[in-house]
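# Sequence and predicted model, in that order:
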Amino acid sequence: MKLSVTSLGAALALLAVAACGSSGGGSSSASTLVVGMFNPFSGPDAAFGPEMNGGCVPAIRLINADGGVLGHHMSCVQEDTRGDPADAVPAAEKMMATETSLVGVLGPSSDEALATVPLLNTGHVPMFVDTGQAAFDHTTAAYFWRITPADDVKGYAMALWAHKAGYTRGAAVFGNDAGAQSDVPTLVRAFTKLGGTIVYNKPLALDQSSYRSEVESILATHPQVIFTEVDPQTGATFLSELQQLHGLLPVIGTEVSLQAPWLKAVNTAIGASSMATYFEGMQPYAPPSGPAWQTYNEALLASGSQVPKPSQWSSDPYSMTYYDGVNVMALAMLAAKSTSPAVFNKDVMKVTEPGPGKTVVTSYAAGKAALAAGKQIQYVGAGGPIVFNHWHNSTGAFEAARYVNGKNVVLVGSVSAAQIAALSR
Amino acid sequence: MNTLVPAIGFGIVTASILAVAGVGFTLQFGVTNILNLAYGDIMTAAAFVAYLVTSAGLSVWLALVAGAAFGSAFSVLLNRCIYAPFVRRGTRLFGMIIVTIAVSLIVQNGLLATFGANFFSLQMPRPSSVHIAGMVFTTVQLAIIGIAVAAMLLIHLLLRYTKLGKAMRATATDPELARNCGIATDRVIDIAWAISGALCGLAGVILVLNVTAFTDVTGSEFLIPIVAVAVLGGIGQPYGAMLGALVIGITSEVAAAVFNPEYKDVVAFVILVIVLLARPQGILSEVATRKEVAA
């Protein structure tokens, strides 16, 4: 009897080891692998979450339709950070403790990245972040991957676009928050290098009841163009006072100003026709064309039951990069033959970096087939090629977009990654 | 110098909004002895009422009246249903502050749940610019200044030349003595909530007229300058709040024009600290010290 109890104990121990092994190795368990959408779904930045959902759901849809990853299906799970580190830290801890099949996250955003990236990195959770904070330009966090360009890269793009338009005198009107201020040093350096002069550069205190004195000070320096990144309420107050007091000037904003809350606030304040005439925004360039985008868009439009009004994300560069992030994770798992994040994380580079003899794939299905055939792959996503540097940052091109009819954003030009690289040297 | 004169003009606009809000806030405290930190959120709620009125195609003037009426009614109900029962049970000043913070959170989250996390603007014709003595104003800003002057004049007439005003001043100075002199202090307090609530609602609407776009937290973000105005003038002193509004409004705009916009609030609050070091009771306060002792 004693022997059988010992045998039973040994058998249970073996089963436990086998269970642990299967969740890490991905060989026998058919549990659903979870991708956490770790972003604000409520609070002031509640618009971020649905944008992420618009990228995650179509990727999962295609992966599952192709038989999943190493026998596992995948799912996107909403992890609401509320856009606040105080809520995001416990949310991350809860997620890591309760989601036993978590293979990675999309996010965190700038709202909570500084507080949660170290936590997720220690927990060996691969994260395809959407924060642009310059603090991560030289991060050593092994599980950190940034497909979207860092905030400070926007400074180069804005300067190049203004230079292309022939402007030589610019005013830097950025909010006094860390995110906006990180654009400024690169903007000043780049614009000066291109022969321009930043005639006004003072941080703007956010959400004040008026900016009339600031408007007067700016206009006294005679700028030809205003570079800006401020929150919607500040943007509405500042630009409406500029318009009321002296008339608008050309304005070059960032991707913040190409999002729905900014449009709603500022459009009412200055009018749709002024928005169309004076305003342009720079955002990461992800052209809505090409085979990878077509695959993404078809899957997105077919995801109406899980993605409300899916077409709104068709040309959204952030949704595209979230889609790409999920595909990269899934392909890395295939390349590593493991669903364990600690194992497949190092294969993220392997499936994205270019190289001689590599097969370029533009979808998960094509990547899976190529890997099964023993080929090495370079995944080129809906958002374009992904080339991570030593610090796991990938910087692409930027596009200049403009509003038409007070609601739609249209592409008016672009700045290439090569131009940015040349200017940043 | 080129920017100084316009900055003073802009300061007058900011001071006008602060004066309406600050006088309401300080009147409320002076008469009722409740430091209502939900004041900013009631301003926002009134702004949403104005938003609904203009969205229905009605005039912005009607929206101003609706906002003030809402602020008045809401404040009276707030006092009767929530604050007064706590006061009757002997909740002291600090406890009441916690209650007002709770109300602030309830109102703020109620607005968020009702209207969503979005930006809103009052529907109205685009204003034109007017140049006066080297200063530039829009027609909306001139209207805001006019509204503030009218409101301050009415408050002055009410406090100085009516029986009700005298009763309010008496209740503010010593409620027990006022009651013993035959003043119906409960009724006076109700009227004080109604008047200060109307000023609160009016301030909420003129604030969002000025900032163009607002959210569920716009009013609460404006609470710190309002409190500063009240403290600078001498808490409980309507005339002090008017003076405090001018000081804070003009110095913050001049600081933005002459120094760095980032120091806008810093300069205003440095002046507040310096004034309070010289006159801890505020510029015009006679009763604040007595109230502190009583509390």
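Arrived safely.
# A:Thr81 - nearest residue in space that isn't next to it in sequence?
A:Ala88 (3.7 Å; Cβ to Cβ, 6 or more residues apart in numbering or on different chains). Any C-beta I mention is one placed from the backbone N, CA and C, and that applies to glycine too.
# right, and the one you found touches A:Asp111 too?
Yes. With contact defined as Cβ atoms under 8 Å, A:Ala88 and A:Asp111 form a contacting pair (7.3 Å).
# quick one on the thing from earlier: so the residue nearest to A:Thr81: helix, strand or coil?
helix (DSSP: H, G, I helix; E, B strand; the rest coil).
# which residues touch it?
Going by Cβ atoms under 8 Å, 6 or more residues apart in numbering or on different chains, A:Ala88 touches A:38, A:81-82, A:108, A:111-112, A:115-116.
# cool, and A:Gly107?
A:Gly107 neighbours (Cβ under 8 Å, 6+ apart): A:36-39, A:52, A:79, A:81, A:127-131.
# let's see 10 Å
A:36-40, A:48-49, A:52, A:79, A:81, A:88, A:92, A:113, A:116-117, A:120, A:127-131, A:322, A:325 (Cβ atoms under 10 Å, 6 or more residues apart in numbering or on different chains).
# quick one, helices of the stretch 151-295 of chain B?
According to DSSP state H, counting those that start in this stretch, the stretch 151-295 of chain B carries its helices in the segments B:163-173, B:175-180, B:185-211, B:218-221, B:223-233, B:238-258, B:264-278, B:288-294.
# Going by proximity to chain B, name the top residue of the stretch 301-425 of chain A.
A:Gly406 (12.9 Å; Cβ to the nearest Cβ).
# Am I right that that residue sits in a helix?
No. Using three-state DSSP, the secondary structure at A:Gly406 is coil, not a helix.
# Which residue, other than its chain neighbours, is closest to it?
In space, A:Gly406 is closest to A:Ala272, 2.9 Å off (Cβ to Cβ, 6+ apart).
# Do I have it right that that neighbour meets A:Lys407?
Yes. Under the criterion of Cβ atoms under 10 Å, A:Ala272 makes contact with A:Lys407 at 8.0 Å.
# more neighbours, those two?
Using other Cβ atoms under 10 Å in any protein chain shown as the criterion, A:Ala272 and A:Lys407 rank with A:Ala272 on top: 15 against 12.
# residues in contact with the more buried one?
A:263, A:403-407.
# distance of A:Arg189 from A:Tyr143?
Distance of A:Arg189 to A:Tyr143, given as Cβ to Cβ, to the nearest Å: 31 Å.
# More neighbours: the two, which one.
Per other Cβ under 10 Å, whichever of A:Arg189 and A:Tyr143 has more neighbours is A:Tyr143, with 21 against 17.
# Could you list the low-confidence segments of the chain?
In the absence of a named chain, this looks at chain A. A:1-30, A:425 (pLDDT under 70).
# um, chain B though
Across chain B (using pLDDT under 70), the flagged ranges come out as B:1-2, B:284-295.
# which parts of the longest helix along it are buried?
Longest helix in chain B, counting residues (DSSP state H): helix B:4-32. For helix B:4-32, burial by neighbour count (16 or more other Cβ atoms under 10 Å in any protein chain shown) applies to B:6-32.
# How about stretch A:355-369?
Buried, per 16+ other Cβ under 10 Å, within stretch A:355-369: A:358, A:361-368.
# mind checking the end-to-end distance for it?
For stretch A:355-369, the first-to-last residue distance is 19 Å (Cα to Cα, to the nearest Å).
# that's a helix at A:Gly195, yeah?
No. A:Gly195: not assigned to a helix; according to three-state DSSP it is coil.
# contacting residues around it?
A:Gly195 neighbours (Cβ under 10 Å, 6+ apart): A:163, A:168.
# swap the cut-off to 7 Å and go again
By Cβ atoms under 7 Å, 6 or more residues apart in numbering or on different chains, A:Gly195 lies in contact with A:Thr168.
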